[in-house]
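K.L.:
give me a model of this one.
(chains A and B)
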Amino acid sequence: MFEFCADPKTIEGLSWLSCYLTTPKHMEFYFSFLTVMALLLVTAPAALAFGFGGAMAARSHIAPIRWLGKIYTAMVRGVPDIVFFLFFVIALDQGIEWLMHQVRCPDWSEPIRQGLEFRVCPAAKVPPNNASLFVHQSYAFLLAVLTFAIVFGAFAANVLKGAMDAVPRAQIETAEAYGLSPRQTFRRILVPQMWTYALPGLSNLWLILIKATPLLFLLGIQDIVYWARELGGSKSARFDYPHGDWRLYYFLGLLVFYLALTRVSEIGLGRLTRRLSHGQATRAGETLRKDAA
Amino acid sequence: MKKLLLATALTALGAGVVAADPVRIATEGAYEPYNLINDKGELDGFEIVLGNELCKRAGLECIFVKNDWDSIIPNLQSGNYDAIMAGMSITDERREKIAFSENYTQPAPSSYAAMSPDTPLDSGVISAQTGTIQAAHVAASGAKLLEFATPDETIAAVRNGQAAAVMADEDYLLSQIGDGLEIIGDDVLLGDGIGIGLRKSDTELKAKFDAAIQSMKADGSLNKLTDEWFDGNYTPF
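P.N.:
Next up, the predicted model:
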């Protein structure tokens, strides 16, 4: 990056450090912070959507839909994350390619499953083999978002179902007495009131999600923990910037990042809790009312 | 991230025929000097240089991709890439799942270490790490096998008298000897060396890689390359 970095073996001190911290490899490290933040910002709403759907399904009056919702939460919550990330993603990828294969290569005669191998026609490959690296990375990122959303959605579904059940029955009864239809009751009475009960559980999930990103490497995406380990490991003289085991410093840096992110989240969630407690028939709502009076 | 692997891939574009679809080769990028990530953030190492040379000789266009070790075989079978060059030793257990090209390194020497030079190696208790080729070798040798989950436990077992000797990779044992522990007996060559992992159905690709490896063995360029990356510490073909 700087001109004096041309021959790293001859420089030392601060200029060595400034060269070291601006190597292309370190740039990848800094870029991975953005990847992680992007993943969090996309996954959280997606997981919430899955959770909302799951909770609604689990509370449905139609038995098959209810079973579906319950099976979803029970299955995903019961499978260890690492197993899910190893095998579900491969299964999902194969499922997509199988569909593409049916559409694009109907005349293909060879079997798709050959023992342990999975072979579709070249036209059905997603992404195509000759696609640029960027396409491959984006596809991996999308699979990651979907997998995270399904896993965390199952947990969120249970939290939201509990919150929906926690809204006082009297509120629903009053709505019915006013002549609101079940759909109106759900949208105008139940959902606005349930958030205050759901928020503690959801905030837990959010903080767990922040820390779950190292699982990304299983999906071929290099996250901050991967790069910290890779950069911090001791480097022999083969490298331009040889050094000992510096993982401790890199992980301390990550610690600061995670703590800062947690703190910011806490402040944000605190404000949200306060806002959602307004006018609620809960202790927090009552305190707010008294303070205002 | 975009540029990460491109440069290594581009060097593979030799003057030879460029195939329609590039061959994607997976590696771990964390097993120096076999494969590593250099200061430019690119994949580098013995296997990257070797792989690019093999592709050039075979007239293939190749791209190296990074993949986690745990999922490296399932992703090959699933068709996310076409080959593995990640310091993977050829073993019978892996042969059941995938095919291997001809080996491009010699089997790594294993040896025994014990507290006294005249410890018998075909009887008594010998420790080894679970699931390794050394453990299988000890079990077959007539000695009683004592297994441990990690390599340092196998060394500790000899030091505290639980086992009479330990068997492991020689490179590893050399880093552990001292304080009375010494290497005894001759080197034992186990396994079949390291090869390119391929899908069993890709016989055509295997034939191309085999031919390229043979040509590099024949003109001595493989030995030269290995010598460069392993600082002269290797078994030539």
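K.L.:
I'd say B:D21 and A:N129 touch.
P.N.:
Yes. With contact defined as CB atoms under 8 Å, B:D21 reaches A:N129; the gap is 4.5 Å. For every residue, glycine as well, the C-beta is placed using N, CA and C.
K.L.:
in the longest strand along chain B, what's buried?
P.N.:
Identified as the longest strand of chain B according to DSSP state E is strand B:182-189. By 16 or more other CB atoms under 10 Å in any protein chain shown, the buried positions in strand B:182-189 come out as B:183-184, B:188.
K.L.:
just give me how far the host helix or strand of A:L248 sits from the chain centre.
P.N.:
If you go by DSSP states H and E, A:L248 is part of helix A:247-277. Put simply, helix A:247-277 sits 16 Å off its chain's centre (CA atoms, centre = their mean, to the nearest Å).
K.L.:
compare B:D21 and A:N129 (neighbour count), which wins?
P.N.:
With neighbours defined as other CB atoms under 10 Å in any protein chain shown, B:D21 and A:N129 compare such that A:N129 has more, 17 against 13.
K.L.:
sorry, back to before: which other helices and strands does the helix holding A:L248 contact?
P.N.:
Using 3 or more CB pairs under 8 Å, 6 or more residues apart in numbering or on different chains; DSSP states H and E as the contact criterion, the elements in contact with helix A:247-277 are helix A:191-211, helix A:224-232, helix A:283-292.
K.L.:
in chain A, what residue comes closest to chain B?
P.N.:
A:K25 (3.8 Å; CB to the nearest CB).
K.L.:
picking up where we left off before, from the helices and strands packed on helix A:247-277, which stretch is densest packed?
P.N.:
Greatest average neighbour count among these goes to helix A:224-232 (a mean of 21), per mean count of other CB atoms under 10 Å in any protein chain shown.
K.L.:
quick check: A:A74 vs A:T147, distance?
P.N.:
A:A74 is 18 Å from A:T147, where distance means CB to CB, to the nearest Å.
K.L.:
which one of the two is surrounded by more residues?
P.N.:
A:T147 (21 against 13).
K.L.:
so is the helix or strand A:H136 falls within next to chain B?
P.N.:
When elements are assigned from DSSP H and E, A:H136 belongs to helix A:133-166. Yes. For helix A:133-166 and chain B, the contact criterion (CB under 8 Å from any CB of the partner chain) is met by A:133-134, A:136-137.
K.L.:
the closest residue to A:Y72 other than its chain neighbours: what's it in contact with?
P.N.:
Leaving aside its chain neighbours, A:Y72 sits nearest to A:G54 (5.3 Å; criterion: CB to CB, 6 or more residues apart in numbering or on different chains). The contact partners of A:G54, taken as CB atoms under 8 Å, 6 or more residues apart in numbering or on different chains, are A:69, A:72-73, A:153-154, A:156-158, A:160-161.
K.L.:
A:G54: what secondary structure?
P.N.:
Counting by DSSP: H, G, I helix; E, B strand; the rest coil, the backbone at A:G54 sits in helix.
K.L.:
with B:S110 instead?
P.N.:
Secondary structure, three-state DSSP: B:S110 is strand.
K.L.:
where do the helices sit along chain B?
P.N.:
With DSSP state H, the ranges of helices along chain B come out as B:3-11, B:46-58, B:72-77, B:92-95, B:133-141, B:151-159, B:170-174, B:203-218, B:221-230.
K.L.:
name the residues that touch the shortest one?
P.N.:
Residues lying outside helix B:92-95 but in contact with it, judged by CB under 8 Å, 6+ apart, are B:73, B:88, B:100, B:197.
K.L.:
cool, thanks, talk later.
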